[in-house]
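Engineer: based on what follows, work out the 3D shape:
(chains A and B)
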Amino acid sequence: MNRVGWLWRNLFRRRAVEEDLGEEIESYVEMLTEEKVAAGMPREAARRAARVELGSAESVKEAVRSVSAGILLRQVWQDLRFAARTLKGQPGFVLVSVITIAMGVGINGSIFSILNSLLLRPLPMPHSGELVSMYQQLSGVDKRAYISGKYRFSLSEYERYRDSNRVFSGLAAYHPELGAVVNDDARETQVQAVSCNYFNVLQPAMELGRGFAAAECTGAGAPNVVVLSDAFWRREFGADPSILGRTIKVNRVPVTVVGVAAPGFSGTDMVEASFWAPLPMMKQLSGVMRDIDFTSNQISWLELVGRRRDGVSTGEVQANLAVIAKAIDHQEPKRSTVLTTSEATMLGAPNKRKALMGAGAVLLIAVGMVLLIACANLANLMLARAIARSKEIAMRLALGASRSRVVRQLVTEALLLAAMGGVLGAVVACWSGAALFGFVLAHLPAEAPPIHLEIHADWRVVGYALGVTVLTGVAFGLLPALRATRPDLNTLLKREGAGLTAGSQRAGRGVLVGGQVALCMVLLLASGLLVRALLRSQTVDPGFTMQNVAVLHYDLGRVGYSKAEARAFNSSLSEKLRAVPGIDGVVPALGTPLGDRHFISVFKAGSQPEQVSPYLEVAPGFFSLLNLPILRGRDFSEGDVARGAKYMILSEAMARALWPGEDPLGKVVEYGPEKAKWEVIGVARDAEVGNLGDSDRKFVYMPPDRADELMMQTVMVHYRGDYGPVSNAMIASGKGIDPALNLTVTKLEENLGPYQAISRLTAGAAGILGFAALSLAMIGLYGTVAYGVSRRTGEIGLRLALGARARDVMSMLVRQAMRPVAIGAGAGVLLCAGVSRVLAGLLFGVSPYDAVTFTAVPGLLVGIACVAAWIPARRALKVDPAVALREN
Amino acid sequence: MGRQQRSNLLQGTLDLLILKALALGELHGLGISRRVEQMTRGTFAVKPGSLFPALHRMEEAGWLSSRWGESENNRKAKFYELTKAGKAQLGAEKSEWDRISVAIQCALES
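Structural biologist: Okay, the predicted model is just below:
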């Protein structure tokens, strides 16, 4: 029999093993007796002598048991059974603990399951473990242009990697962020431009038809084809099985449907694609970017995903691709490429991953803190139970159980509780991850693209929940177990129960309370800061007037306008709008203040260093329309625009940055790739035009570029009276020129929506966590004080009997209770001040050290703590001193 | 008590003695105890409190095998016997012991 066999026998054939052992010892005694009889002893005396020589049969058996295989498992099993028996007698305690842990583990797990789906889980495709995402980081390139994300590749780079690698069975490229209009539908839907082999590489199942054929990707003259997503096919075409070969219009260009992807495939990006088109169709799909030459080797716009060949390791992939990157680098003098590859997930781009991991970590830490506070409460309860069981524990120690054995037993109890809570919590996590993500999606700003993500639990989530559960169990089980089994426990208890001095036992509770208060303080301060940010985003004054301004949006480039046609459309639209009753100002612009389209460029003055600044092209009247005063100089005039004058208006901050302490009027700025000279004709007051909460108020205003009116996609109007009729009239004005054009109207104030949405989400989440933390910490404090006071009834009675005034005793009790609170609160404030910078991006201009928050929150917390300590203390004082004294 | 302490001290010695006791053939618990006493001329008396745990430990380690049989006076008794691994172990422990005893001898005589 081998080890495993013995283990099996010892664990599951217990009765046979025990009988065998019993008989063996019995036969030993009998043989010993025989021996003594043979030596001449009377049988009775011999038997007795043999027994004496053996000693306790039970202790011999125990000695054998303690060396036989599986002893640890058997002890664990014993501990578990004992723990279960003990807990059965305390259903209230079990209920509170299990619910606390279940909530903690559940919330932790659900947040983790979202992060897991985004960052860790491979794409939902066949053999997705083979799929590898590629990213590059370039340095030493000065003419490079990037389209959403610095980590992408140009077309020529893609082709180079695709053709010269020896590690991929296929390498696909795609551009995920495109909107298109299908069949003159008013709404825009999401498209991905993808390489010809996209469907061959990813191998998603097809509902109907096929992916793209090589002939469809040759560019000019090739047939225009698309593959639809299952959801789009059902929604827009009622799951029509005869869709294959049908022609639909995309941005007014006829295209043929060649396939429908199977359900569940929505592309390789979080943004759900409605259909896929080959890369050469980029021109038709690109809308505002239609003038960009996507074949240029200086434009990064493609994301790459490859499928590893059988038996090729990730190291080989990295090495082979690095060789190709080196070869590409050699074509440009100073260029160097850093290539990264990773298993393909829903969110791959390193910048996005980093941002989300940061946010996720902050959230997990915050939730973990709440869980810790809850653990401290449970530890308190456990400690109280352990004290109540001190006789039992002392007895076991006295009977020879080692301290570690007793600690193990007590921790087993905690772990059993944690496991019950953890299982429940894992169930909560599986269910609430998807619900939580749905909630977040529902509260995103309306303009956000449709996001598709399957949240479901897998082994990673279960493993995480398990880990959290075990940590929880150890966290709230170990400290009480160590304290309860302290060698001097008995004497300590005796002294403390009767004496007047505060025991060191209270110090242990003080640490728990202080820790709770510190964590609670951090969370409350964070939520205080976020709530302040929310208030600010609701009542913000960006430095210009947003009321009574409506914005008309449209995209001429996408629907095939030429530049000349666009210019004609724009000027006749402005004329029509001016004629609408109730409209008293019309300003075409490249984008809107605080809008979602951002334009950033480099500006240079003389020998000064270059300044990077956001800019907008705005027609004359922009500043008066928004009540944004021009402090020096003047606004653009219609004449300036018509002449194509190279004039600029700067914000104060930009003027200061370019010419510190000098008068900027009449000075010259170099701008644009051709380094044209632009003259400064005005300085506008600083305002938050680019981004809400930016401390940097640099901004540049330029007149509309007459040469390219395709970019002009918004017209701002100032109106009086009701918004409804004005907005209808605005749409009608546009439709009057081009009935098929897709136009929308929004209020300028709606630009605050995304900021408010983020604030509402973060402040809401932080508020809930902060409230949970506060409640838990105060319950903990209340419990600690109540328990402490109840143990000191005798002492209090004695003090009162000796003539102490109730008020003094009360203040002593509260003071003692508040000492750990004060220490914890101070630590919490310091801790939060140390880490609050991580929130800076969410605060929209509220300082991470905001004085209001940092005084109000600690005040509030300490105030509530005083009440939580005062209530149980008051109750203790109501006890009749005589009764209190007799109790001891 | 004194002997017990010494046998604790010489944990490895107990194994060696039991293995050696069984080298000549199978024995039951009491038999092993008596054989050890006889071999060590009464210096070591192995008490049941250390004998049985050692036997079970060594059996689980695969050095011994056991069977129920009849004792010399027709009592039911559990007999232990060296396995192949046990014989190898005896050899190994013996040479280890030789090495140590020579070393200690040297140390004491120096």
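Engineer: please enumerate the strands of chain B.
Structural biologist: B:27-28, B:64-70, B:76-82 (DSSP state E).
Engineer: ranking the ones you listed by burial, who's on top?
Structural biologist: Compared across those, strand B:27-28 shows the largest average neighbour count, a mean of 22 (mean count of other CB atoms under 10 Å in any protein chain shown). Where C-beta positions appear, they are placed from N, C-alpha and C, glycine not excepted.
Engineer: show residues contacting it.
Structural biologist: With CB atoms under 8 Å, 6 or more residues apart in numbering or on different chains as the test, strand B:27-28 has contacts from A:27, A:28, A:31, B:21, B:35, B:69, B:71, B:77, B:78, B:79, B:80.
Engineer: recalculate using a threshold of 10 Å.
Structural biologist: Contacts to strand B:27-28, defined as CB atoms under 10 Å, 6 or more residues apart in numbering or on different chains, come from residues A:24, A:27-28, A:31, B:18, B:21, B:33-36, B:55, B:66, B:68-72, B:75-81.
Engineer: make CSV out of the strands of chain B and add mean pLDDT.
Structural biologist: Output for the strands of chain B, formatted as CSV (pLDDT from 0 to 100):
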stretch, mean pLDDT
strand B:27-28, 90
strand B:64-70, 89
strand B:76-82, 90
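Engineer: list the residues that contact residue A:67.
Structural biologist: Neighbour list for residue A:67: B:52, B:53, B:54, B:55, B:56, B:57, B:58, B:60 [criterion: CB under 10 Å, 6+ apart].
Engineer: and the fourth one, what does it touch?
Structural biologist: The one in question is residue B:55. By CB under 10 Å, 6+ apart, the contact set of residue B:55 is A:24, A:64, A:67, B:18, B:22, B:28-29, B:32, B:46, B:48, B:63-64, B:66, B:78, B:80.
Engineer: try it again at 8 Å.
Structural biologist: B:18, B:29, B:32, B:64, B:66, B:80.
Engineer: and residue 110, how many neighbours does it have?
Structural biologist: Defaulting to chain A. Look at residue A:110: counted by other CB atoms under 10 Å in any protein chain shown, it has 25 neighbours.
Engineer: try again with chain B
Structural biologist: Residue B:110: 5 surrounding residues under other CB under 10 Å.
Engineer: how much space is there between it and residue B:101?
Structural biologist: Relative to residue B:101, residue B:110 is positioned 15 Å away (criterion: CB to CB, to the nearest Å).
Engineer: can you map out the helices along chain B?
Structural biologist: Using DSSP state H, the helices of chain B run over B:2-9, B:11-22, B:29-39, B:48-60, B:84-109.
Engineer: how about the residues of chain B near chain A?
Structural biologist: Proximity of chain B to chain A (CB under 8 Å from any CB of the partner chain) is limited to residues B:28-30, B:47-50, B:52-54, B:56-57, B:60, B:62, B:71, B:73, B:75-78.
Engineer: 10 Å instead, please
Structural biologist: Selection of chain B residues close to chain A by CB under 10 Å from any CB of the partner chain yields B:28-31, B:33-34, B:45, B:47-62, B:65-66, B:68, B:71-78.
Engineer: filter those residues to the buried ones?
Structural biologist: Buried members of the residues of chain B next to chain A, counted by 16 or more other CB atoms under 10 Å in any protein chain shown: B:28-31, B:33-34, B:48-62, B:65-66, B:71, B:75, B:77-78.
Engineer: picking that back up, turn the contacts of residue A:67 into JSON lines, columns for pLDDT and distance to residue A:173.
Structural biologist: As requested, the contacts of residue A:67 are exported to JSON lines (pLDDT from 0 to 100; distance: CB to CB, whole Å):
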{"residue": "B:52", "pLDDT": "90", "distance to residue A:173": "74"}
{"residue": "B:53", "pLDDT": "88", "distance to residue A:173": "70"}
{"residue": "B:54", "pLDDT": "89", "distance to residue A:173": "71"}
{"residue": "B:55", "pLDDT": "90", "distance to residue A:173": "72"}
{"residue": "B:56", "pLDDT": "89", "distance to residue A:173": "68"}
{"residue": "B:57", "pLDDT": "88", "distance to residue A:173": "66"}
{"residue": "B:58", "pLDDT": "89", "distance to residue A:173": "68"}
{"residue": "B:60", "pLDDT": "88", "distance to residue A:173": "63"}
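Engineer: which among these gets closest to residue A:564?
Structural biologist: residue B:60 (94.4 Å; CB to CB).
Engineer: shaky segments in the stretch 351-500 of chain A?
Structural biologist: A:351, A:444-450, A:452, A:487-500 (pLDDT under 70).
Engineer: which SS state does the residue in it that chain B sits nearest to fall under?
Structural biologist: Of all residues in the stretch 351-500 of chain A, the one sitting closest to chain B is residue A:400 (14.4 Å; CB to the nearest CB). Following DSSP: H, G, I helix; E, B strand; the rest coil, residue A:400 is assigned to coil.
Engineer: for the one 5 residues further on, same thing?
Structural biologist: Assigned with three-state DSSP, residue A:405 falls in the helix class.
Engineer: tell me, how many residues neighbour it?
Structural biologist: Residue A:405: 14 surrounding residues under other CB under 10 Å.
Engineer: touching, it and residue A:485? I think so.
Structural biologist: Yes: if you go by CB atoms under 10 Å, residue A:405 and residue A:485 touch, sitting 9.5 Å apart.
Engineer: between these two, which contacts overlap?
Structural biologist: Common neighbours of residue A:405 and residue A:485 (CB under 10 Å, 6+ apart) are A:396, A:397.
Engineer: in chain A, which strand is the longest?
Structural biologist: Secondary structure assigned by DSSP E gives strand A:168-180 as the longest strand of chain A.
Engineer: which parts of stretch A:609-620 are buried?
Structural biologist: By 16+ other CB under 10 Å, the buried positions in stretch A:609-620 come out as A:611, A:613, A:614, A:615, A:616, A:617, A:618, A:619, A:620.
Engineer: can you give me the strands in the stretch 251-400 of chain A?
Structural biologist: Secondary structure of the stretch 251-400 of chain A (DSSP state E, counting those that start in this stretch): strands located at A:253-261, A:275-278, A:299-300, A:303-308, A:336-343.
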